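Need a 3D model of the following:
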Amino acid sequence: MLIRGVNKRGQITIFIIVALVLVAGIGVYLFVTKGGTSTNIPSEFQPVENYYLSCISELGSEGIGFLESTGGFIELPEFVRGSPMAPLSSQLNFFGNNLPYWFYSSDGKIVSQAPTKNSMEEQLGRFIEERLDRCDFADYSSQGYEIDRSNPSADVSINDREVVVNLRENTVYTYQSLTSNVNSHNVKINSDLGKMYSKAIEIFNNELQEMFLENYTLDVLRLYTPVDGVEISCAPKVWRTSEIFDDMSKALEANVPQIRLMDLNYNPTDKNSKYFTRDIASDGLNVYFRYSPDWFTSMEIQPSDGGLLTAQPVGNQEGLGVLGFCYVPYHFVYSVDYPVMVQILSGTNSGAEVFQYPMQVMIRGNRPRQAVDAVYEGLENTVCKYPIKSIEVSTYDSETLSPVEAQIEFKCLSEGCNLGETKIDSNGGASATLRAPQCVNGFLTAHAEGYENEAYQISTNSENSASILLDRLYEFNVDAKFADGNSIPSDARTFIYFIPEDSEKSIKTVVWPEQKSVKLSEGNYNITASIFENSSLNLPSTTQRKCFQVPRPGFAGVFGLTKEECYNVLIPGQKVDYALAGGGSSSYYMTQSQLRAAQRIEISIPKIAAPRNIESLQNAYNIVDSKKLVVSLI
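Predicted coordinates for the structure are as follows:
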């Protein structure tokens, strides 16, 4: 409307002005995106200033690379090493570089150390300030320029598609009789750091609150490892913990990379795609989840002993012969800690950028860790929340009373935490002043390499010291044979249990010949052994009539009157793969002197006739209970 009254010549003039403005704007934009801007600088000094801006840009790009490759850190937070209750440390060793976990477990609580955008900006600013000496003006000095710089201070702003650096500095350029003062050097660096960081925080919050990595892990755990179940067998069922660990690691390595964010390739009708896709938009970024078996991974399984999981059969005990078949129920409890690396790739600018950070996945007692409501709030164990009592703890060898360095845990009710460790001091003892919560009849537990775990009961509300004596463990080879001198067949399985009279000590289990060694300390042991050989015994299906007393209907039932009801119970047929072929028990006291001198334990096990039917199978266990083992320390 306003141009309508202007003549043609005026219109042409306006178009020329607009064109000049556009050309100038494009030139400014190209200069800004390539390095930066400076104003009011004479042309004689523009080449020097352009070099300085490009140097600042290079330093900024280098610092951005550090931030992206180390999860938002140039200056790493304090390293916190792992403990028996929290095996992973606060940092992941990633191909020789330490990457801080954005959250980790320590002393019974979840600690968040995810960087903020402000902290990244401050770190990048310091990174640039501390490396400005790398901007070498030697070429310009040789041409007669003098450059004087002082009091640099870099302000950084991280945006979605660029990082802006404003270097405030008293810079004086001098050439012949000309002088120019520059107080601000502004640089814009093309980078998707801000966009990738925002997506990283979104994924991080989702994991803290919904524990999707833990839930995937539980599915993997139940698919690839023995957790709960029942198997038809009359012999114990055995798993090697090392094989379970390998299977679990391979399963995680295969399944973790399948997790993805919602993008254009998402297909809600594909069950596999729907299962692995998180309800988080990718926003044009490529997001990958990684796990490697080479990274430190912790898995604890209970109950286990000597690297084996053992489940005992039901149905072959005395009084249960009426069942007519055997089955092995099992229930194992897992605690798993492992790292997952999140890598966010952006290729929208020239060249790809990768922002990566690790998180810890934590399973406790077949359950995921508890959810965290916010990014910067930790979840604390109620027992360890108030460590207000100081306890002087000392640990010694029970035989020599020499100091022993040990890791100390504290347990009250059903919860526990790591307190620290005792160290050998200048006085020749191993002690530490540790902070613990108040608790009546709690337990201090000392863990030391080569010693039995030792529990010490203490009421921290009234006691302030504890001296814990640790029993040394001695390792022996185990030789098992039949009492008649014959060798046990190589395809048979022999289960040997060392049950200490001291209930505080753990039961040691040997599955021979897979295991041929055991670690024992001084004390009295009830040693039992059972040999299972291959069997071709087939138990036919049977029908048994079961009768029960049930309440009578109506008022009669109210007054306690009953009637008999009977049912037919079908007992399925069963093939017994392994049948009891020998066994027995013996009590044996092992002294310190015997344990020091001996190198192996020989166990002679009575042999029995192979069972041929259900009655002889049941009777075999009664026979074994009456047999005696011959145990020798050699």
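
In the stretch 301-450 of the chain, what residue spans correspond to strands?
All strands of the stretch 301-450 of the chain, identified by DSSP state E, counting those that start in this stretch, fall at 308-311, 328-331, 333-346, 353-364, 367-368, 389-397, 407-412, 415-421, 423-424, 430-436, 442-447.

need the contact list for the residue nearest in space to the middle of the chain.
Closest residue to the average C-alpha location of the chain: Asp337 at 1.8 Å, with CA atoms, centre = their mean. Shown in contact with Asp337 (CB atoms under 8 Å, 6 or more residues apart in numbering): Ala86, Pro87, Leu88, Ser105, Thr297, Ser298, Met299, Gln360, Val361, Met362, Ile363. In short, each C-beta sits where N, CA and C put it, glycine included.

partners of Gly523 in the sheet?
Met590 (DSSP bridges).

quick check: domain ranges of this protein?
For the chain, automatic domain parsing gives the domain ranges 13-77+116-188, 194-368, 389-470, 475-633.

so how far is the last one off the chain centroid?
What that stands for is domain 475-633. Its chain's C-alpha centre and that of domain 475-633 lie 36 Å apart, by CA atoms, centre = their mean, to the nearest Å.

Can you give me the end-to-end span of that domain?
End-to-end distance of domain 475-633 (CA to CA, to the nearest Å): 12 Å.

What mean pLDDT does it get?
The average of the pLDDT scores along domain 475-633 is 82.

next one: stretch 309-321
For stretch 309-321, the mean per-residue pLDDT is 65.

now stretch 202-218
For stretch 202-218, mean pLDDT rounds to 93.

contact partners of that stretch?
By CB under 8 Å, 6+ apart, stretch 202-218 touches 102-103, 112, 114, 252, 255-256, 259, 261, 278, 280, 287, 289, 336, 338, 340, 342, 357, 359, 361-363, 366-369, 371-375.

Just the buried ones among these, please.
Among those, those that count as buried by neighbour count (16 or more other CB atoms under 10 Å) are 102-103, 112, 114, 252, 255-256, 259, 261, 278, 280, 287, 289, 336, 338, 340, 342, 357, 359, 361-363, 366, 368-369, 372.

Wasn't Asn151 part of a strand?
Yes. Applying DSSP: H, G, I helix; E, B strand; the rest coil, one finds Asn151 inside a strand.

what's the distance between it and Ile458?
According to CB to CB, to the nearest Å, Asn151 and Ile458 sit 59 Å apart.

Neighbour count: these two, which is higher?
For Asn151 versus Ile458, the count of surrounding residues by other CB atoms under 10 Å is larger for Ile458: 24 against 9.

Verify the stated contact: the more buried one with Ala466.
Yes. Between Ile458 and Ala466 there is a contact at 5.5 Å, judged by CB atoms under 8 Å.

Mutual contacts of these two, please.
With CB under 8 Å, 6+ apart, Ile458 and Ala466 have common neighbours Ile391, Leu444.

Wait, a strand at Gln209?
No. The assignment for Gln209, made by three-state DSSP, is helix rather than a strand.

Compute the distance between it and Asn190, please.
Noted for Gln209: a distance of 33 Å to Asn190, by CB to CB.

ditto for Glu75
Relative to Asn190, Glu75 is positioned 24 Å away (CB to CB).

ok, those two, which is more surrounded?
Legend: neighbour count by other CB under 10 Å for Glu75 and Asn190, higher for Asn190 (16 against 12).

buried sites along whichever strand or helix holds Val172?
Per DSSP states H and E: Val172 is located in strand 162-175. Buried residues in strand 162-175, counting neighbours by 16+ other CB under 10 Å, are found at Glu162, Val163, Val164, Val165, Asn166, Leu167, Glu169, Thr171, Tyr173, Tyr175.

Stretch 210-220 now?
Met211, Phe212, Leu213, Glu214, Tyr216, Thr217, Leu218, Val220.

One more: stretch 221-238?
Across stretch 221-238, burial judged by 16+ other CB under 10 Å covers Leu221, Tyr224, Thr225, Pro226, Val227, Ile232, Ser233, Cys234, Ala235, Pro236, Lys237.
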